[in-house]
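J.: compute the structure for the input listed below.
(2 chains)
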Protein chains: 2
Amino acid sequence: MNRQELISTIKKKQSFLCVGLDSDLTKIPQHLLKEKDPIFAFNKAIIDATHDLAVAYKPNLAFYECLGTSGWESLMKTIEYMPKDVFTIADAKRGDIGNTSKYYAKTFFELMNFDSITVAPYMGRDSVGPFLEFENKWVILLALTSNEGALDFQFTESDGTALFEKVISKSSEWGTPNNLMYVIGATRGEMLKRVRKAAPYHFFLIPGIGAQGGSLNDVIQYAMNEDVGVLVNSSRSIIYADSSVEFATHARSEALKIQKEMSEALLSKNLL
Amino acid sequence: MNRQELISTIKKKQSFLCVGLDSDLTKIPQHLLKEKDPIFAFNKAIIDATHDLAVAYKPNLAFYECLGTSGWESLMKTIEYMPKDVFTIADAKRGDIGNTSKYYAKTFFELMNFDSITVAPYMGRDSVGPFLEFENKWVILLALTSNEGALDFQFTESDGTALFEKVISKSSEWGTPNNLMYVIGATRGEMLKRVRKAAPYHFFLIPGIGAQGGSLNDVIQYAMNEDVGVLVNSSRSIIYADSSVEFATHARSEALKIQKEMSEALLSKNLL
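T.: You can find the predicted model right below:
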């Protein structure tokens, strides 16, 4: 999915919601455990119940890998099941020397046909470059993450520039707003402002709304740009809203609440 | 495998060689393609031919993931096949928020029983911590990598300290020389000296020997410590030494050349 299609989908659905599929055997409704593939059954129900409200889905690889080959099978079935009008994100946080990153790129873009993958920046240009060589595929580079550990290295200042700002400025030479997004933690509004200044045109994938405590209002106020420019992720507060046989209906209600706020924000910013 | 067992194994085999199992269907001897599981057949032959000369094996996940579930099966068979007297490294370069890293840790330490995993430091303490909670398991943290992109961020100076040095100093508060090693690129001897100063006691996993152009002499001169303190990785120059039916014999010859140099180094440093 290219940038224009992504923006059109956002406007059509009046939503910039990304649903995180952190699907965990110990947390999904227990009646699903009798299914042949409980994780896929869960994902399918969540997708069916929310795909008109969500523009993106983001399975986090950790939750699939921990089940071994059956987890990979669930993931591959999930990605095949995705409707055409959603943007898919492999939350894999990969990154290795160029020769090796190329294989990761093939895995997620060719074997599994994801639209995008999250990538860690520490190893620099040749670790990110191979992912940027695929047409209509995206890198979502970790810049400012939403966890406590973000404080350990990402704010390290050099010549008045924090490391996360250097990651943004350097990497904007490698990719463009058409194939490169940034992961930007949403837990502090002031920071969103600072990051938007560093990258006026790129899309941001913003986790940390909901269970992690970030504010959707701050995102709307400080991080949106003229092309919307944000995807806001919510995982646990939607997918684990309820654990009964009605879980999908409850997941839909939670997604709908967020989508309504998003729709209002898009209207108020004259973006529809 | 704990630190003392690792050091004993090094002394017993007179080697600190790690063999990188970057096993690729397009590069392994083509006669193996008729095997039911060509990647496992290749790894098995390489392990059989080199395990008395190598103290560690390091499959890089990228090469297995790109084959989907069959790649994961080959990897799991490989790790099950490992002799008891080798140290196993999942070269996976993972790292995510705490809640998620925990699942990666379970995957590689419980499901697959690796001794260690390579981890990316960008997300800080809570992304690394969950891997350090497993007894007799190791984190091998990216500090100074051997690729060109290392120059993009790892040398960023703040108060006279480069980022890779900050990674070492911060992370030494999270783990100890008994459960934490560092990935240190071996392409520059001067750098090895600087890093050894920053981490006198930790083991280093040193890639970049062979195909990537690093020097084993520099490693011996600048990076070894009183407990040996180094594992030196070679991948392509050993495993792809030859592509005929005699590939394993040639792999052994290459490994033997390196092991002999290592044995001499250990002797000259009075470490045997």
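J.: count of neighbours near the residue nearest to residue A:51 when sequence neighbours are not counted?
T.: Closest residue to residue A:51 apart from its sequence neighbours, by C-beta to C-beta, 6 or more residues apart in numbering or on different chains: residue A:83 at 5.1 Å. Where you see a C-beta, it was placed from the backbone N, CA and C, and this is true even at glycine. When counting by other C-beta atoms under 10 Å in any protein chain shown, one arrives at 11 neighbours for residue A:83.
J.: my read is residue A:83 is in a helix, agree?
T.: No - the assignment for residue A:83 is coil, going by DSSP: H, G, I helix; E, B strand; the rest coil, so no helix is present there.
J.: check the gap between it and residue B:110 for me.
T.: 35 Å (C-beta to C-beta, to the nearest Å).
J.: the residue nearest to residue A:51 contacts residue A:44, correct?
T.: No - if you go by C-beta atoms under 8 Å, residue A:83 and residue A:44 don't touch, sitting 11.3 Å apart.
J.: quick check on the residue nearest to residue A:51: phi, psi?
T.: Main-chain torsions, residue A:83, degrees, to the nearest 10: phi -60, psi 160.
J.: mind checking pLDDT for it?
T.: Listed pLDDT for residue A:83 reads 98.
J.: just residue A:210 next, same as before
T.: pLDDT, residue A:210: 66.
J.: taking the mean pLDDT, what do you get for the host helix or strand of residue A:263?
T.: For residue A:263, the element it lies in under DSSP states H and E is helix A:247-268. What helix A:247-268 shows for mean pLDDT is 96.
J.: quick one, phi/psi of residue A:54?
T.: phi -110, psi 140.
J.: pull the number of nearby residues for it.
T.: Quick note: residue A:54 (other C-beta under 10 Å) scores 28 neighbours.
J.: what's the separation between it and chain B?
T.: 20 Å (C-beta to the nearest C-beta, to the nearest Å).
J.: contacting residues for residue A:113?
T.: Neighbouring residues of residue A:113 by C-beta atoms under 8 Å, 6 or more residues apart in numbering or on different chains: A:79, A:88.
J.: now do the SS call for it.
T.: Under three-state DSSP, residue A:113 comes out as coil.
J.: that one and chain B, how far apart?
T.: From residue A:113 to chain B the distance is 12 Å (C-beta to the nearest C-beta).
J.: next one: residue A:89
T.: From residue A:89 to chain B the distance is 14 Å (C-beta to the nearest C-beta).
J.: make sure that residue is indeed in a strand.
T.: Yes - read with three-state DSSP, residue A:89 is one of the residues of a strand.
J.: in space, what's closest to residue A:13 - neighbours in sequence excluded?
T.: Leaving aside its sequence neighbours, residue A:13 sits nearest to residue A:55 (C-beta to C-beta, 6+ apart; 5.6 Å).
J.: now do residue A:142
T.: The shortest distance from residue A:142 to any non-neighbouring residue, by C-beta to C-beta, 6+ apart, is to residue A:183 (4.8 Å).
J.: where's the spatially closest residue to residue A:78 that is not a sequence neighbour, which helix or strand?
T.: Distance criterion C-beta to C-beta, 6+ apart; nearest residue to residue A:78, sequence neighbours excluded, is residue A:43 at 4.5 Å. Secondary structure assigned from DSSP H and E places residue A:43 in helix A:38-50.
J.: what are the contacting residues of that helix?
T.: So helix A:38-50 is contacted by A:19, A:21, A:23, A:25, A:28-29, A:32, A:35, A:57, A:59, A:64, A:67, A:71, A:73-74, A:77-78, A:81-83, A:238-239, A:247-249, A:251-252, A:255 (C-beta under 8 Å, 6+ apart).
J.: can you select the buried ones from these in PyMOL?
T.: Here is the PyMOL selection string for the buried members of the contacts of helix A:38-50, based on 16 or more other C-beta atoms under 10 Å in any protein chain shown:
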select buried, chain A and resi 19+21+23+25+28+29+32+57+59+64+67+71+73+74+78+82+238+239+247+248+251+252+255
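J.: quick one: the strands in the stretch 101-250 of chain A?
T.: Taking DSSP state E, counting those that start in this stretch to define them, one finds strands in the stretch 101-250 of chain A at A:116-119, A:138-144, A:157-158, A:161-162, A:180-184, A:204-206, A:230-234.
J.: give me the neighbour count for the closest residue to residue A:261 other than its chain neighbours.
T.: What sits nearest to residue A:261 in space, not counting adjacent residues and going by C-beta to C-beta, 6+ apart, is residue A:216, at 5.8 Å. Each residue near residue A:216 was counted by other C-beta under 10 Å, and the total is 19.
J.: quick one, what contacts residue A:216?
T.: A:209, A:232, A:258, A:261-262, A:265.
J.: how about a cut-off of 10 Å?
T.: A:17, A:186, A:206, A:209-210, A:230, A:232, A:234, A:258, A:261-262, A:265 (C-beta atoms under 10 Å, 6 or more residues apart in numbering or on different chains).
J.: now residue A:130
T.: Counting by C-beta under 10 Å, 6+ apart, residue A:130 has contacts A:96-106, A:109, A:119, A:139.
J.: make it 8 Å
T.: Each residue near residue A:130 by C-beta under 8 Å, 6+ apart is listed here: A:98, A:101-102, A:104-105.
J.: residue A:24 and residue A:63 touch, don't they?
T.: Yes - between residue A:24 and residue A:63 there is a contact at 5.5 Å, judged by C-beta under 8 Å.
J.: overlap in contacts of these two?
T.: The contact sets of residue A:24 and residue A:63 overlap at residue B:103 (C-beta under 8 Å, 6+ apart).
J.: okay, these two: which has more neighbours?
T.: Each of residue A:24 and residue A:63 has its neighbours counted (other C-beta under 10 Å); residue A:63 has more, 25 against 19.
J.: kindly give the local confidence score, pLDDT, for the more buried one.
T.: Taking residue A:63 on its own, its pLDDT is 98.
J.: tell me the SS of it?
T.: helix.
J.: got the contact list for it?
T.: By C-beta under 8 Å, 6+ apart, the neighbours of residue A:63 are A:21-24, A:71, B:100, B:103.
J.: looking at the residues you listed, which one is closest to residue B:179?
T.: residue B:103 (19.1 Å; C-beta to C-beta).
J.: find the nearest non-adjacent residue to that closest one, please.
T.: Going by C-beta to C-beta, 6+ apart, residue B:103 has residue A:62 as its nearest residue, at 3.9 Å.
J.: right, and the one you found touches residue B:108 too?
T.: No - Residue A:62 sits out of contact with residue B:108 when judged by C-beta under 8 Å, with a separation of 10.6 Å.
J.: can you list residues touching both of those two?
T.: residue B:94.
J.: how close does the residue nearest to residue A:51 sit to chain B?
T.: Applying C-beta to the nearest C-beta to residue A:83 and chain B gives a distance of 22 Å.
J.: before we move on, what about residue A:66?
T.: From residue A:66 to chain B the distance is 5 Å (C-beta to the nearest C-beta).
J.: and that residue, what are its phi and psi?
T.: Here residue A:66 shows phi and psi, under degrees, to the nearest 10, equal to phi -70, psi -10.
J.: and the pLDDT at it?
T.: pLDDT at residue A:66 comes out at 97.
J.: now it: how far from residue A:39?
T.: 11 Å.
J.: comparing these two, which residue is more hemmed in?
T.: residue A:39 (25 against 19).
J.: after the helix or strand hosting residue A:5, next one along is what?
T.: Element membership of residue A:5, judged by DSSP H and E, is helix A:3-13. For helix A:3-13, the following helix or strand on the C-terminal side (DSSP H and E) is strand A:17-21.
J.: so which of the contacts of residue A:130 wins on neighbours?
T.: Ranking the contacts of residue A:130 using other C-beta under 10 Å puts residue A:104 first, with 26 neighbours.
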